[in-house]
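Novice: Could you look at this predicted model? Sequence included:
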Amino acid sequence: QLVESGGGSVQTGGSLRLSCDASGYPGTFRCMGWFRQDPGKVRQAVAAIYADSGATYYADSVKGRFAISRDNTKNTTYLQMNSLKPDDTARYSCSAVETCTGNPLYAQMYGYWGQGTQVTVS
C-alpha cells in the first residue's frame, strides 16, 4: 500500500527526490516517515511529517539538506534530498500510521511500510 520511487545513483553533491504513494490505502495516514538502512546496519530515521499540521521532523544528519513534504490531495509524501553524501547511501523506505502517537522518528510507531528504493551516492 506504500510504493516508493525516485531512487537511483548520484554523485556527491547531487540531488534526488523520493516519492511515497499511499493512494491505494482506503483510509488516511496522519503521520508519514522516511527511514533508511544499509545491509548490516541499524535502520535510521530520516524525516517525518504530520499530515494535518505539516509539522516536520528530521534526523540531525540530514537537517538542512533534506526536506519532507506531503500532498494530501494525492496521498503522496516526498523526500527532497540535496547535497547528497556517500554516507547517505542506503535503501530508503517510507512508513505510515493512521494515528500519530509518540516520537514520529521512532520506527516502532509505524504500522505500514513500503518495499524501499535504493539510493547510491558515489
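Specialist: That came through fine.
Novice: Contacts only, for the residue most central in space within the chain.
Specialist: For the chain, the residue nearest the mean C-alpha position is Trp34 (2.1 Å; Cα atoms, centre = their mean). Residues in contact with Trp34 (Cβ atoms under 8 Å, 6 or more residues apart in numbering) are 18, 20, 45-48, 68, 77, 79, 92-95. The C-beta positions use only the backbone N, C-alpha and C, and glycine is treated the same way.
Novice: Please list the members of those residues that lie in strands.
Specialist: Among those, DSSP state E puts 18, 20, 45-48, 68, 77, 79, 92-95 in strands.
Novice: Tell me the one of those nearest Gln115?
Specialist: The closest of those to Gln115 turns out to be Ser93 (Cβ to Cβ; 7.3 Å).
Novice: who's in contact with the closest one?
Specialist: Ser93 is in contact with Glu4, Trp34, Phe35, Arg36, Gln37, Trp113, Gly114, Gln115, Gly116, Thr117, counting by Cβ under 8 Å, 6+ apart.
Novice: which residues of the chain fall in strands?
Specialist: Using DSSP E, the strands of the chain run over 3-5, 8-10, 16-21, 31-37, 44-50, 56-58, 66-71, 76-81, 90-97, 112-113, 117-121.
Novice: What strands line up against the shortest one, and which way round?
Specialist: As defined by DSSP bridges, the strand partners of strand 112-113 come to strand 90-97 (antiparallel).
Novice: how about the partner strand: buried residues?
Specialist: Ala90, Arg91, Tyr92, Ser93, Cys94, Ser95, Ala96, Val97 (16 or more other Cβ atoms under 10 Å).
Novice: go on, stretch 31-45?
Specialist: Cys31, Met32, Gly33, Trp34, Phe35, Arg36, Gln44, Ala45.
Novice: Return the distance of that stretch from the chain's centre.
Specialist: Distance, stretch centre to chain centre, for stretch 31-45: 9 Å (Cα atoms, centre = their mean, to the nearest Å).
Novice: begin at 36 from here
Specialist: Okay, using 36 as the starting number, the last item reads as stretch 66-80.
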